[in-house]
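*Asks:* Show me the folded form of this:
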Amino acid sequence: MFGYGPWLQRTFGNVDLSNVITGLCVVLYVLSLALDPRAAMQMRGLWDILSPSSSAIFRLGATGTAVMVFGQWWTVFTACFLHGSLLHLAFNMVIMRRYLPMLEQLFGTARTVIIFMVAGVVGYLASILMHIAFTVGASGAIFGIFGALISYGRRTGQSQVTQQLMTSAVVMFASGFIIPSVNIWAHAGGFAGGFLAAELMPTSGRNDGAITWILAGLCVLITLAGFVLSFIGYAPAGVGG
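*Replies:* Below is the predicted model of the structure:
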């Protein structure tokens with residue numbers, strides 16, 4: 001399998017992760033609206049502008065305890081690319097596009113993919129343990145970016161940068177108690193997942209080895225396969241519209 005490492009590096013080494021993630025999230029958001037366009041027009045408030053129905057995002061790979069009863073474990077990988085409203089998508093993408101390039105510059109593409117996915121998965125596992133029934137969004141993975149950058153700053157002695165990032169993370173976490181329907185457990189779990197993943201990775205150089213590229217490739221494959229499995233394994237009776 002080590003032969004796949006160099007191939008993955010040649011194929012994806014120069015990919016702009018921010019653009020890829022943004023594009024995937026936008027495509028999935030538009031698809032979620034198209035699956036149930038009538039529900040998207042039923043605006044109940046500012047945070048519900050162009051909100052896809054729960055059945056639509058369930059079909060695409062939302063996660064939570066209400067989903068796990070169907071055995072769809074892979075949704076902890078897919079849910080971070082789905083969003084519950086236009087503002088939800090826009091806010092997450094703006095923050096992600098500001099900080100993810102920093103992480104990719106410091107750790108390289110493959111390690112950044114791993115950190116992002118580990119943070120998202122750990123965030124959703126934490127929210128499931130806290131009995132969150134239904135959840136989507138990239139914010140857990142975004143908090144993982146903060147955690148990874150703080151880990152890097154701590155290990156390289158950049159105390160001022162670390163303090164600034166910690167302040168930003170605390171402010172964003174606190175805002176979750178004000179904004180409706182925010183999954184604070186995914187935020188906390190994502191931060192911990194990103195921090196721990198970064199702690200296990202070297203801080204020197206951006207060159208990723210074969211094992212790192214293979215692990216990153218597996219994360220991508222599981223996520224893509226998860227979208228397919230969620231779509232074909234759709235069980236509409238399990239979730240409200």
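*Asks:* which stretches of the chain have low pLDDT?
*Replies:* Under the criterion pLDDT under 70, the flagged ranges of the chain are 1-14, 43-46, 204-208, 234-241.
*Asks:* can we see that at 80?
*Replies:* Applying pLDDT under 80 to the chain picks out residues 1-15, 39-48, 179-180, 203-210, 233-241.
*Asks:* which residues of it fall in helices?
*Replies:* Here the chain has its helices, by DSSP state H, at 4-12, 17-35, 37-40, 54-60, 65-68, 75-78, 86-107, 109-129, 139-155, 159-175, 184-199, 210-232.
*Asks:* what about those helices, which gets the closest to Trp47?
*Replies:* When the helices of the chain are compared by CB to CB, helix 86-107 sits nearest Trp47, at 5.9 Å. C-beta coordinates here come from the backbone N, C-alpha and C atoms, glycine included.
*Asks:* just checking, what packs against that closest one?
*Replies:* helix 17-35, helix 109-129, helix 139-155 (3 or more CB pairs under 8 Å, 6 or more residues apart in numbering; DSSP states H and E).
*Asks:* In a markdown table: the ones you listed, plus distance to Ala188 and mean neighbour count.
*Replies:* What follows is the helices and strands packed on helix 86-107, written out as a markdown table (distance: least, CB to CB, whole Å; neighbours: other CB atoms under 10 Å):
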| stretch | distance to Ala188 | mean neighbour count |
| --- | --- | --- |
| helix 17-35 | 21 | 17 |
| helix 109-129 | 6 | 26 |
| helix 139-155 | 8 | 26 |
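*Asks:* Kindly reformat the ones you listed as JSON lines containing distance to Thr203.
*Replies:* Below are the helices and strands packed on helix 86-107 laid out as JSON lines (distance: least, CB to CB, whole Å):
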{"stretch": "helix 17-35", "distance to Thr203": "19"}
{"stretch": "helix 109-129", "distance to Thr203": "10"}
{"stretch": "helix 139-155", "distance to Thr203": "5"}
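*Asks:* Columns distance to Trp47 on top of the helices of the chain, output as JSON lines?
*Replies:* JSON lines is the format used below for the helices of the chain (distance: least, CB to CB, whole Å):
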{"stretch": "helix 4-12", "distance to Trp47": "35"}
{"stretch": "helix 17-35", "distance to Trp47": "15"}
{"stretch": "helix 37-40", "distance to Trp47": "14"}
{"stretch": "helix 54-60", "distance to Trp47": "15"}
{"stretch": "helix 65-68", "distance to Trp47": "21"}
{"stretch": "helix 75-78", "distance to Trp47": "22"}
{"stretch": "helix 86-107", "distance to Trp47": "6"}
{"stretch": "helix 109-129", "distance to Trp47": "19"}
{"stretch": "helix 139-155", "distance to Trp47": "14"}
{"stretch": "helix 159-175", "distance to Trp47": "13"}
{"stretch": "helix 184-199", "distance to Trp47": "16"}
{"stretch": "helix 210-232", "distance to Trp47": "24"}
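*Asks:* quick one: which of those helices is nearest Asp48?
*Replies:* With respect to Asp48, and counting by CB to CB, the nearest of those is helix 86-107 at 8.7 Å.
*Asks:* Name the residues of the closest one that are buried.
*Replies:* Neighbour counts using 16 or more other CB atoms under 10 Å place 86-89, 91-93, 95-96, 99-100, 102-104, 106-107 of helix 86-107 among the buried residues.
*Asks:* That one to helix 210-232, inter-axis angle?
*Replies:* 160 degrees (axes from the mean of the first three to the mean of the last three CA atoms, to 10 degrees).
*Asks:* residues in contact with helix 86-107?
*Replies:* Applying CB atoms under 8 Å, 6 or more residues apart in numbering, the set of residues contacting helix 86-107 from outside is 17-18, 21-22, 25-26, 29, 46-47, 49-51, 83, 112, 115-116, 137-139, 141-142, 145-146, 148-149, 152, 172, 198, 201, 203, 206.
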